[in-house]
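Student: Sequence first, predicted coordinates after that:
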Amino acid sequence: MRIGAYSLAVPLALAASGALSQTLVTHRLPATLAVEAVTAAVADCTQRGFGVTATVVDADAQRIAVLRGDTAGVHTFEASWSKAYTAVAFAPMFKLDSGGAVAARLAQYSAQQPPGTLPFQPPEHMIIRAGGLTIKLSEEVIGAIGVGGAPSAEADEVCAKAGLDTIRNRIR
């Protein structure tokens with residue numbers, strides 16, 4: 001009975017405050033910029049001799065653009081999306097920017113678990129490693145780019161940064 005009363009009280013309180021009559025303003029990354037970003041990321045890694053896949057997602061982790069390099073392994077398709085998904089999911093919560101701090105912060109978070117608790121279990125599909133960077137418009141996270149397939153997560157991140165840097169000044 002308590003759950004039912006609480007479930008009814010929240011919408012009534014929101015309606016009384018006027019919060020239900022407002023809409024949220026959000027922004028979307030254009031597909032043309034997403035395509036440019038994945039192209040630049042894959043090209044950067046290809047120049048370095050790495051076969052990768054790059055994925056750009058929107059704020060809901062839905063794929064906008066994906067490019068699999070000529071020599072990228074089959075696993076890289078999912079890995080690149082998982083890194084972008086992780087970045088877009090956790091960056092707003094931790095107020096992180098596009099500097100690769102998402103993976104470092106989550107590793108720190110999982111290492112500092114209270115004694116007697118279970119280890120941090122990331123949700124399915126998340127890869128908590130470098131290679132996923134947020135795409136922001138001012139302070140709003142509007143997407144992320146993820147790269148998978150280089151010999152190290154740090155190398156994935158260098159290529160993701162190259163993709164992000166290609167479009168960064170045109171995000172308005």
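Tutor: Looks like it came in fine.

Student: Could you pull out the helices in the protein for me?
Tutor: 2-17, 31-47, 75-94, 101-111, 153-167 (DSSP state H).

Student: Where among those helices is average confidence lowest?
Tutor: The stretch with the lowest mean pLDDT among the helices of the chain is helix 2-17, at a mean of 57.

Student: which ones are touching F50?
Tutor: Shown in contact with F50 (C-beta atoms under 8 Å, 6 or more residues apart in numbering): 69, 149-151, 155, 159. C-beta here means a position set from N, CA and C on the backbone, and glycine is covered the same way.

Student: per-residue confidence averaged over the longest strand along the chain?
Tutor: In the chain, with assignment by DSSP state E, the single longest strand is strand 140-148. Averaging pLDDT along strand 140-148 gives 94.

Student: Please point out which parts of it sit buried.
Tutor: Using 16 or more other C-beta atoms under 10 Å as the test for burial, strand 140-148 gives 141-148.

Student: what would these look like in TSV with distance to M93?
Tutor: Shown next, in TSV, are the buried residues of strand 140-148 (distance: C-beta to C-beta, whole Å):
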residue	distance to M93
V141	10
I142	16
G143	16
A144	13
I145	19
G146	17
V147	22
G148	22
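
Student: from those residues, which single one is nearest L33?
Tutor: G143 (9.3 Å; C-beta to C-beta).

Student: Now do the contacts for the closest one.
Tutor: Contacts of G143 by C-beta under 8 Å, 6+ apart are 29, 34, 56-59, 64, 84, 88, 134-135.

Student: Neighbour-wise, which one of those residues leads?
Tutor: Sorting the contacts of G143 by how many neighbours each has (other C-beta atoms under 10 Å) puts A84 first, at 32 neighbours.
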